[in-house]
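Trainee: Fold the following, please.
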Amino acid sequence: MVAAARAIETHRPAPLARDEFAEHFVRAAPASADWPVRADQIPGGRTNPFWERLGRYFAVRTRVLDDHLLRTVETGVRQVVLLGAGLDSRAFRLGWPPGCVIHEVDTAEMLAFKQAVLDRSGAVPTADRRPLAADLRFDWRDALLAAGFDPAVPTAWLAEGLLLYLPAAAERHLIATVAELSTAGSTLAYEIKEVEGAKVRAHPLYTTAREQIGLDLPALFDPEPRPASAAELARRGWSVSVRSPYDFTRLHDHGPFPEPDDPLAANRWIFAETPAPQPGNG
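Mentor: Just a heads-up that it's a prediction; the model follows:
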């Protein structure tokens, strides 16, 4: 679904983000082979509350997180970890500085599918890409260390569209592991979803998803009360910024924009960083 949205955005005039691999992922999976990958393939065009509204949301999220990671490596960070990497192609489509290592953590099945599609498309990574098969619901720390992750150097962590699907215990474990493995100068960006009421769950964005692709999005979200992960990071000494997606849709003048009983209004993007090393300390 996110890959389809990125493909649609890629083919728009003046796209916020470009992902030339996204269309290949969509077409390679039997369940999504007939989904739209261009704006003129969207049923109903700009009036479609699912592909148009949610698709544009994913485009803005992609651009904002691209910018965040690139700003982080501009400070000298050369180690990146994509948690729940899925069909993220940042290791191939972004211009990483020399020496960057990109760890992609996801299930073995997801990584195998992804690699097969990338191989067929002749993709060449723009950094030292290291896929790691691990289930983020369980312990993944030792596997990451065995893959060459260095906890002594700053890291840019990203959990895009992940935590809202994880059990609360797995989220707490993920946050604790990231904090344990992060030295001064590290960053973490992730997304959460606050509790939605019945009126929001009846929004056309959700009903159209069920009608057009047979996907009950709210059923995918973990129903447990979510941990206060931002507060936990702050307690550990991280500086934390909690942002609304609409901060960025206004910044880029790119929809979606708020509307009544809006599912996207419950989403928050969190940006956190450890204190930078001080001169003479270390």
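Trainee: Just to be sure, V240 is in a strand?
Mentor: Yes - the assignment for V240 by DSSP: H, G, I helix; E, B strand; the rest coil puts it in a strand.
Trainee: Report the beta-bridge partners for it.
Mentor: Beta-bridge partners of V240, counted by DSSP bridges, are A272.
Trainee: I'd like the next helix or strand past the helix or strand that G55 is a member of.
Mentor: Using DSSP states H and E, G55 sits within helix 55-74. Following helix 55-74 in sequence order, the next helix or strand is strand 79-83 (DSSP H and E).
Trainee: what helices or strands is that next one leaning on?
Mentor: Applying 3 or more CB pairs under 8 Å, 6 or more residues apart in numbering; DSSP states H and E, one finds that strand 79-83 contacts strand 101-106, strand 155-159. For every residue, glycine as well, the C-beta is placed using N, CA and C.
Trainee: Could you spell out the sheet neighbours of the shortest one, each with its direction?
Mentor: Right, strand 155-159. strand 79-83 (parallel), strand 187-193 (parallel).
Trainee: winner for burial among the ones you listed?
Mentor: Stretch with highest mean neighbour count among these: strand 79-83 (a mean of 24; mean count of other CB atoms under 10 Å).
Trainee: what's in contact with that strand?
Mentor: Outside strand 79-83, the residues within contact range by CB atoms under 8 Å, 6 or more residues apart in numbering are 69, 73, 88, 90-91, 100-105, 127, 136, 144, 149-150, 153-160, 162, 174, 178.
Trainee: residues in contact with T126?
Mentor: A91, F92, R93, L94, G95, W96.
Trainee: what about the chain, any weak spots by pLDDT?
Mentor: 276-282 (pLDDT under 70).
Trainee: now the helices for it?
Mentor: Per DSSP state H, the chain carries helices over the ranges 2-10, 22-28, 55-74, 90-93, 108-120, 141-146, 168-181, 198-201, 204-213, 217-220, 229-235, 245-252.
Trainee: Name all residues that make contact with L220.
Mentor: L220 sits in contact with Y165, where contact means CB under 8 Å, 6+ apart.
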